[in-house]
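Novice: any chance you could fold what I've pasted below:
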Amino acid sequence: MARNNALISQFIRGEERRQFKDIIKALALVIDLAEGYDAQHGYNVALSAVQLGKYIGLGPDKLRTIFYAGLLHDVGEVGFPKETDAFDFFEWQTQPYIRPHPLIGEAIVSQLPTLKKAGEIIRSHHEAWDGSGYPDGLKGDNIPIESQIIGLCDTFDVAGSVYHDKDTLRSRLAPVLRSHFSPDLIQEFKRMLAEAELWGARNFNQAAWQELGIDAVDLAVLLEVEVDYFKVTLKTFANVIDAKHQYTKGHSLRVGALSRRIATEMGFSEEESATIERAGFLHDAGKVGISRCILDKPGPLSDVEYGRIKAHPGMSAALLNTIQCLSDHAPLVRHHHERFDGFGYPDRLKSEEIPIGSRILAVADTYDAMTSDRAYRKGLPDRIAREEIIKYSGKMYDPDVVEAFLRLNSEEIMLLFEEAEKSSSLIY
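Specialist: Predicted coordinates:
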């Protein structure tokens, strides 16, 4: 019986490990959307880097590190004003303001359980073989081979999507390859490409992946983790979402915390309240695909711009539907901008048609938005925010949710927010 219990326990933890990988893959997609890259750029880099690492003889432990570093190598770029620049890819990567992003990426990824080494690899993925890279000016063999692999596969994937003419691609790549990467690594990369198709999201080979042993290492290291890595990872996810918009740092974590407290006040179970909190962490995920010019616009939005904003709940839900362990949260996220009177969006649901979790998120989201600074105004006092929520009770908001919210005093909410913001101390 003891052996059976151990096997069951390992199976359960194996399912949790798959959740961890799925969430990290979804986070990589969010990074790609935020940075304007083709979807699956992070996944392409991760898979091709693992392929190259395997080709040169690296073992499962290092391949696991390369996989996660490849998925998240651009996380430090979220929040940088890339989309307004006229530079091409190689020019943009040398601009002074972008140089801190490997350090920021290391800080973010190192917070994720078991990924400290991946963070270190991300730190060095823009170092150059000739010493001209950043952030530490490392040179030659002082650059970790895993960082060299990530940098090479990153360069190859982005350049291939930017320069569609083969002659232009070769001419732009040649000087970068000479200055930035080990000649031996480049030769191995060329040999690998001559022997096999480059791995990517569009030609993922599950059988070949299983032979690598990465999943077994993944399960083993996560079995040793004592913290709630599911929640820690989602909080990091929330921080990345909020980094896209300069006025929303910590917003998703505050909405999650307040939503959970309102749910508890209404008598929901611990698990139900936790589900609503997780939906709060991710409710704005769809905003990462919206231009900063719209998100940070100080004046009124045009109809077209407002249409883009109104699309974000559906985009958030679509993203959650790609994560098996979070797909049941998608309806809560999709409907957090519905109105109790039926005049909200995206589906004009009303009253009890709106999931109760969405009705709770609506109040928490509104309160935090009103009491936080925005591009066009300072945050409103608690008293004014409460008056506005009371004013629209029964119109925009569920009266039962409003009643539960009003039972929480401003001091308690302030403490909730302060605790939530401890997880949003990253500087982008």
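Novice: for the protein, give me the ranges with low pLDDT.
Specialist: In the predicted model of the chain, residues 1-18, 36-39, 79-93, 246-247, 375-376, 423-428 satisfy pLDDT under 70.
Novice: mind doing that once more with 80?
Specialist: Flagging of the chain using pLDDT under 80 yields the residue ranges 1-19, 33-39, 79-97, 161-164, 223-230, 244-248, 291-292, 295-298, 374-377, 422-428.
Novice: got the domain ranges for it?
Specialist: 17-223, 229-424 (automatic domain parsing).
Novice: tabulate those in JSON lines, adding columns for mean neighbour count.
Specialist: From N, CA and C alone the C-beta is placed, and that goes for glycine too. Listed next are the domains of the chain as JSON lines, based on neighbours: other CB atoms under 10 Å:
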{"stretch": "domain 17-223", "mean neighbour count": "18"}
{"stretch": "domain 229-424", "mean neighbour count": "19"}
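Novice: which helix or which strand is home to Val227?
Specialist: Per DSSP states H and E, Val227 falls between elements, in no helix or strand.
Novice: Glu146 is in contact with Lys62, correct?
Specialist: Yes: the pair Lys62 and Glu146 passes the contact test of CB atoms under 8 Å, sitting 6.2 Å apart.
Novice: overlap in contacts, these two.
Specialist: Counting by CB atoms under 8 Å, 6 or more residues apart in numbering, the common neighbours of Lys62 and Glu146 are Gly53.
Novice: helices of the stretch 51-200 of the chain, start to end?
Specialist: 60-72, 89-92, 101-109, 116-123, 145-162, 166-180, 183-195 (DSSP state H, counting those that start in this stretch).
Novice: out of these, flag the one nearest Glu418.
Specialist: For the helices of the stretch 51-200 of the chain, proximity to Glu418 was assessed by CB to CB; helix 101-109 is nearest, at 21.1 Å.
Novice: same for the closest one, what does it pack against?
Specialist: Contact here means 3 or more CB pairs under 8 Å, 6 or more residues apart in numbering; DSSP states H and E; on that basis helix 101-109 packs against helix 60-72, helix 116-123, helix 229-243.
Novice: got these as a markdown table, with distance to Glu271 columns?
Specialist: Listed next are those as a markdown table, based on distance: least, CB to CB, whole Å:
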| stretch | distance to Glu271 |
| --- | --- |
| helix 60-72 | 28 |
| helix 116-123 | 30 |
| helix 229-243 | 13 |
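Novice: out of the ones you listed, the one nearest His101 is which?
Specialist: So among the helices and strands packed on helix 101-109, helix 116-123 is nearest, using CB to CB, at 9.3 Å.
Novice: so which elements touch the closest one?
Specialist: Helix 116-123 packs on helix 60-72, helix 101-109, helix 145-162, going by 3+ CB pairs under 8 Å, 6+ apart.
Novice: again, 6 Å this time
Specialist: helix 60-72, helix 101-109 (3 or more CB pairs under 6 Å, 6 or more residues apart in numbering; DSSP states H and E).
Novice: can you put those in CSV and add distance to Arg261?
Specialist: Output for those, formatted as CSV (distance: least, CB to CB, whole Å):
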stretch, distance to Arg261
helix 60-72, 31
helix 101-109, 27
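Novice: out of these, the one nearest Ile309 is which?
Specialist: helix 101-109 (26.1 Å).
Novice: hmm, who's touching the closest one?
Specialist: 72, 75-77, 115, 118-119, 122-123, 126, 135 (CB atoms under 6 Å, 6 or more residues apart in numbering).
Novice: now it - C-alpha only, PDB.
Specialist: In PDB, the C-alpha atoms belonging to helix 101-109 read as follows (Å, rounded to 0.1, in the frame of the first residue of the first chain):
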ATOM      1  CA  HIS A 101      17.000  43.800 -20.100                       C
ATOM      2  CA  PRO A 102      19.200  40.700 -19.500                       C
ATOM      3  CA  LEU A 103      19.700  41.800 -15.800                       C
ATOM      4  CA  ILE A 104      16.000  42.400 -15.400                       C
ATOM      5  CA  GLY A 105      15.300  39.000 -17.000                       C
ATOM      6  CA  GLU A 106      17.600  37.300 -14.600                       C
ATOM      7  CA  ALA A 107      15.900  39.000 -11.600                       C
ATOM      8  CA  ILE A 108      12.500  37.900 -12.800                       C
ATOM      9  CA  VAL A 109      13.300  34.300 -13.800                       C
END
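Novice: just use 52 as the starting number from now, easier for me
Specialist: Done: numbering now begins at 52, and the last item shifts to helix 152-160.
Novice: now the angle from that helix to helix 167-174?
Specialist: Angle of helix 152-160 versus helix 167-174, following axes from the mean of the first three to the mean of the last three CA atoms, to 10 degrees, is 170 degrees.
Novice: all helices of the stretch 302-451 of the chain, in order?
Specialist: Using DSSP H, counting those that start in this stretch, helices in the stretch 302-451 of the chain cover 302-316, 321-333, 343-346, 354-361, 363-371, 381-385, 407-422, 433-442, 450-457.
Novice: any idea how far the helix or strand that the last one is followed by is from the middle of the chain?
Specialist: What that stands for is helix 450-457. Of the helices and strands lying after helix 450-457 in sequence (DSSP H and E), the nearest is helix 461-472. Taking CA atoms, centre = their mean, to the nearest Å, one finds helix 461-472 lying 24 Å from the centre of the chain it belongs to.
Novice: what helices or strands is helix 461-472 leaning on?
Specialist: Right, helix 461-472 is packed against helix 302-316 by 3+ CB pairs under 6 Å, 6+ apart.
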